[in-house]
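Student: Coordinates for the following, if possible.
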Amino acid sequence: MIMRLALALFSMVVGTALANGLETGKIQAEDGVNIFYTSVGHGEPAIVFVHGWTCDHTHWRMQIPEFRKSFRVITIDLPGHGASGANRDSWSIDGLGADVASVVRGLSLEQVVLVGHSMGGPVVLAAASKLRGIARGVVAVDALQNVEYISSPDATKRFVKKFEDDFEGARARFLSGFFADRNSAILKSMLQNPVMADRKAATSLLIAHNTFDGKSALAAAGVPVRAINAATPYKTEVKINRKYGDFEAVLMPDTGHFIMLEKPDEFNRHLRSMIDQMHKK
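Tutor: This next block holds a predicted model:
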């Protein structure tokens, strides 16, 4: 406990209390990169929310008011995103998992449930094995549909080249593909706001995400792993995932990739049920 407190004091670069009990601050990653976080509420386990590719902590805005009533709620801007630093040469899902673990330890959190959307799903899965005795469970949000699937090198190369040639245009087309309604207010907001990500980091992480070894990460997690996924268009292979770890999933119909923003009330109910089950174990 003393060592954990010392690490928190050493690692915290900024910690500022704002209105409504919200605290914002920055924690240093192992390589010195600053990681922005917000913290609000009280209660265990703390819920750590991790966003997806080229997103930021604000994508959890529909969850914070509900979960702060019962838990301490942490949101993070992953390095290369939002208000966090991008001054590193190598980008990987495992590295981002270590960043999440740095925030958890830096804030002296004793019990956590890790929640990750899209690319954030593999990130929190990677973080779980680094937080033995602290992580109580992982919840992937429209992620981890099939941990055996890895994109072929040629397919990944073709996919990433589109972003290297025209990052803004490729990102707009990529995000638009997640919405059946191209007039969605959520989509419009994403496309109208500046991209909150470092382009070098974002491009490197596309490769990392497409080649992530989900099988090994699920086997190493050591905690229950749950998913709240859209029922379509991608099938969640529950039986396949169960071969590698404690995995179950809830499938939500009539929603797109950004479930937590599109159907927040239903999503929050499912997430609360999963957290309660993890807390009992």
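
Student: What strands line up against whichever strand or helix holds residue 38, and which way round?
Tutor: Following DSSP states H and E, one finds residue 38 within strand 34-40. Strands adjacent to strand 34-40 in the sheet, as given by DSSP bridges, are strand 23-28 (antiparallel), strand 73-77 (antiparallel).

Student: average pLDDT for the helix or strand where residue 65 lies?
Tutor: When secondary structure is defined by DSSP H and E, residue 65 falls within helix 64-67. In this model, helix 64-67 has an average pLDDT of 97.

Student: Can you give me the buried ones in it?
Tutor: 64, 66-67 (16 or more other CB atoms under 10 Å). In this view, the C-beta of every residue, glycine as well, is placed from N, C-alpha and C.

Student: again with stretch 147-167
Tutor: 147, 151, 156, 160, 163, 167.

Student: got the strands paired with strand 34-40 as TSV, with mean neighbour count, mean pLDDT and distance to residue 173 columns?
Tutor: TSV is the format used below for the strands paired with strand 34-40 (neighbours: other CB atoms under 10 Å; pLDDT from 0 to 100; distance: least, CB to CB, whole Å):
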stretch	mean neighbour count	mean pLDDT	distance to residue 173
strand 23-28	20	96	33
strand 73-77	26	98	24
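
Student: Among the ones you listed, which comes closest to residue 198?
Tutor: strand 73-77 (11.3 Å; CB to CB).

Student: which stretches of the chain have low pLDDT?
Tutor: 1-19, 281 (pLDDT under 70).

Student: That one: strands as residue ranges?
Tutor: Taking DSSP state E as the criterion, the chain contains strands spanning 12-17, 23-28, 34-40, 46-50, 73-77, 112-117, 135-141, 225-230, 247-252.

Student: I am finished for the moment; much appreciated.
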